[in-house]
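Student: I'll drop the sequence and a predicted model, then ask my questions.
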Amino acid sequence: KEKIEITKEQQALMKIILDAYNRHQIPQDVAKKLLQDQYSAEENFLLLTEMATSQVQVLVEFTKNIPGFLSLDHEDQIALLKGSAVEAMFLRSAQVFSRKMPKGHTEVLEARIRKSGISEEFMTPMFNFYKSIGELHMVQEEQALLTAITILTPDRPHVKDQHAVERLQESMLDVLRKLCALQHPQEPQYFARLLGRLTELRTLNHYHTEMLTSWRMNDHKFTPLLCEIWDVQ
Ligand SMILES: COc1ccc(-c2nc3ccccc3n2[C@H](C(=O)NC2CCCCC2)C2CCCCC2)c(OC)c1
């Protein structure tokens with residue numbers, strides 16, 4: 001049984017990623033808001049665009065703290081952010097949904113989301129993803145690394161120097177692999193299950209634009225930042 005040890009520099013990398021991840025939480029807790037009141041489809045859509053806009057800003061700050069990211073080609077930095085923003089948003093939503101809540105709150109939250117205005121056909125893939133993330137019971141470090149790994153996906157559209165991105169992603173993957181082995185010694189396939197979630201996450205990418213344009217209301221308004229990041233308007 002090989003001795004798995006996280007090196008000093010990997011511990012340093014872990015700390016930087018975790019601090020950045022914790023520093024860049026969504027300011028206002030959307031789950032609390034949704035549990036408090038029922039909103040109309042219009043209000044929910046506005047809430048979504050507000051939350052998503054602030055999440056993108058938070059994501060940019062988090063990404064700037066990923067060691068090596070700012071040394072990448074500047075156009076590649078933009079391509080990575082644009083290419084991963086929707087996945088990072090759903091990953092964040094899944095983590096918000098799977099957070100430990102008082103008895104019955106998750107059910108209320110799910111019911112509120114189901115009636116928020118999003119069309120029926122997207123409920124199953126979205127909640128399947130949320131529940132598959134919840135079943136993993138990820139620790140903060142794993143969540144932070146998984147977000148960084150999602151951002152550092154080399155084959156995003158328009159990325160020129162894919163090898164430079166691959167090298168950064170590989171160092172994150174190596175730390176995550178060791179962390180999983182240490183955190184879940186009884187589950188040798190846990191690391192593979194985590195990465196499998198990233199494949200499921202990409203499928204949500206395909207639904208994203210339609211989820212927005214099919215929201216049960218007329219005249220869907222987006223912030224300028226979301227028009228940049230989402231393929232809408
Ligand atoms: C594009 O279609 C959709 C549909 C649902 C969601 C979603 N899933 C959620 C799971 C847990 C809590 C909130 C959730 N949300 C919206 C929201 O506010 N998401 C935030 C985005 C930024 C990161 C924190 C979560 C809610 C849904 C109910 C109506 C108001 C918006 C969603 O989040 C990408 C996108």
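Tutor: All right, it came through fine.

Student: going forward, measure contacts between C-alpha atoms and count neighbours the same way
Tutor: OK.

Student: Gly104: neighbouring residues, count only.
Tutor: 8 (other CA atoms under 10 Å).

Student: next, give phi and psi for it.
Tutor: Dihedral angles of Gly104 (phi, psi; degrees, to the nearest 10) stand at phi 90, psi -10.

Student: so what touches stretch 163-176?
Tutor: Outside of stretch 163-176, the residues within contact range by CA atoms under 8 Å, 6 or more residues apart in numbering are 6, 10, 14, 68-69, 72, 142, 145-146, 148-149, 152-154, 191.

Student: kindly recompute the last result at 7 Å.
Tutor: 10, 68, 142, 145, 149, 152-154 (CA atoms under 7 Å, 6 or more residues apart in numbering).

Student: quick check: mean pLDDT across that stretch?
Tutor: What stretch 163-176 shows for mean pLDDT is 98.

Student: that stretch: which residues count as buried?
Tutor: 164-166, 168-169, 172-173, 175-176 (16 or more other CA atoms under 10 Å).

Student: which ones among the contacts of stretch 163-176 map onto helices?
Tutor: If you go by DSSP state H, those have 10, 142, 145, 149 in helices.

Student: as CSV, these with neighbour count would be great.
Tutor: Formatted as CSV, the ones in helices among the contacts of stretch 163-176 follow (neighbours: other CA atoms under 10 Å):
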residue, neighbour count
Gln10, 17
Glu142, 21
Leu145, 23
Ile149, 22
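
Student: separation between Glu142 and the ligand?
Tutor: 17 Å (CA to the nearest ligand atom, to the nearest Å).

Student: quick check: closest non-adjacent residue to that residue.
Tutor: Nearest non-adjacent residue to Glu142, counting by CA to CA, 6 or more residues apart in numbering: Leu176, 6.6 Å away.

Student: distance of the one you found from Leu109?
Tutor: Distance, Leu176 to Leu109, by CA to CA, to the nearest Å: 30 Å.

Student: check Ile17 too.
Tutor: Counting by CA to CA, the gap from Ile17 to Leu109 is 29 Å.

Student: just Gln140 next, same as before
Tutor: From Gln140 to Leu109 the distance is 22 Å (CA to CA).

Student: re the thing from before, which one of the ones in helices among the contacts of stretch 163-176 is nearest Tyr21?
Tutor: Of all the ones in helices among the contacts of stretch 163-176, Tyr21 sits closest to Leu145, with 8.9 Å by CA to CA.
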